[in-house]
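Asker: pasting the structure only:
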């Protein structure tokens, strides 16, 4: 049973560029959440997708956008990259959207902005 | 506003001794509490969660956690530490059934010495 997968593993971009990160949820899961984890800090919630709609959003600017596809996979897009966007981006999936449901995480995508 | 505090940046324990990693929380409603572990350059692995019921929760790899409502704490424990337990541990919380994002502590680095 495949867990949560993310691609690419690492990515290097320059300021002002745009980036797309991808996530495939754990088999049977229909909800995907994205988090940003800066070095030495806990993850920060970006947004959650369920039934192909953004259901909840954290305190991130509109430069951060996403999409969920009919097969439940998801993309995170970041426009106009800033140096401060350098971080580990984590995708998590859960069986349902509920607050009680456990989120299972992928290995992350390490984004470096130069 | 919801918040999580992990008061210790680092905890050092000798192999075979019991370990405790502390977590306190602040929420407006009933808390749903989670512990995750992160190994270097890896995503987050779920250890255990408290939703309701018995205050002592048992999880993966011999870990357990005790929910204490009066002290608003959810400390992670293990009776006998292994060197392989050395990692970064995160406590996270949600409140109410309509709030889906996880709020995370800053993490505690656990070092188990042989």
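Answerer: Sure, I can see it. Small disclaimer: the values here were computed from a predicted structure and weren't measured.

Asker: what ranges does chain B have for its strands?
Answerer: Secondary structure of chain B (DSSP state E): strands located at B:3-5, B:10-14, B:19-21, B:24-26, B:31-38, B:44-50, B:56-58, B:64-68, B:73-78, B:87-95, B:103-104, B:108-113.

Asker: for chain A, same thing?
Answerer: Going by DSSP E, chain A shows strands at A:5-7, A:10-13, A:19-24, A:31-37, A:44-50, A:53-57, A:64-68, A:74-78, A:87-94, A:104-105, A:109-113.

Asker: could you export these as JSON lines, including mean pLDDT, mean neighbour count and distance to chain B?
Answerer: C-beta coordinates here come from the backbone N, C-alpha and C atoms, glycine included. Formatted as JSON lines, the strands of chain A follow (pLDDT from 0 to 100; neighbours: other Cβ atoms under 10 Å in any protein chain shown; distance: least, Cβ to the nearest Cβ, whole Å):
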{"stretch": "strand A:5-7", "mean pLDDT": "97", "mean neighbour count": "16", "distance to chain B": "8"}
{"stretch": "strand A:10-13", "mean pLDDT": "97", "mean neighbour count": "13", "distance to chain B": "10"}
{"stretch": "strand A:19-24", "mean pLDDT": "98", "mean neighbour count": "20", "distance to chain B": "11"}
{"stretch": "strand A:31-37", "mean pLDDT": "95", "mean neighbour count": "25", "distance to chain B": "7"}
{"stretch": "strand A:44-50", "mean pLDDT": "94", "mean neighbour count": "22", "distance to chain B": "4"}
{"stretch": "strand A:53-57", "mean pLDDT": "92", "mean neighbour count": "13", "distance to chain B": "5"}
{"stretch": "strand A:64-68", "mean pLDDT": "97", "mean neighbour count": "18", "distance to chain B": "14"}
{"stretch": "strand A:74-78", "mean pLDDT": "98", "mean neighbour count": "21", "distance to chain B": "15"}
{"stretch": "strand A:87-94", "mean pLDDT": "95", "mean neighbour count": "25", "distance to chain B": "6"}
{"stretch": "strand A:104-105", "mean pLDDT": "94", "mean neighbour count": "22", "distance to chain B": "4"}
{"stretch": "strand A:109-113", "mean pLDDT": "97", "mean neighbour count": "18", "distance to chain B": "8"}
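
Asker: list of residues touching stretch A:21-32?
Answerer: A:1-8, A:11, A:34, A:48-51, A:68, A:72-78, A:89, A:91-97, A:101, A:104, A:106, A:109, A:111 (Cβ atoms under 8 Å, 6 or more residues apart in numbering or on different chains).

Asker: what's the span of it from first residue to last?
Answerer: End-to-end span of stretch A:21-32 (Cα to Cα, to the nearest Å): 13 Å.
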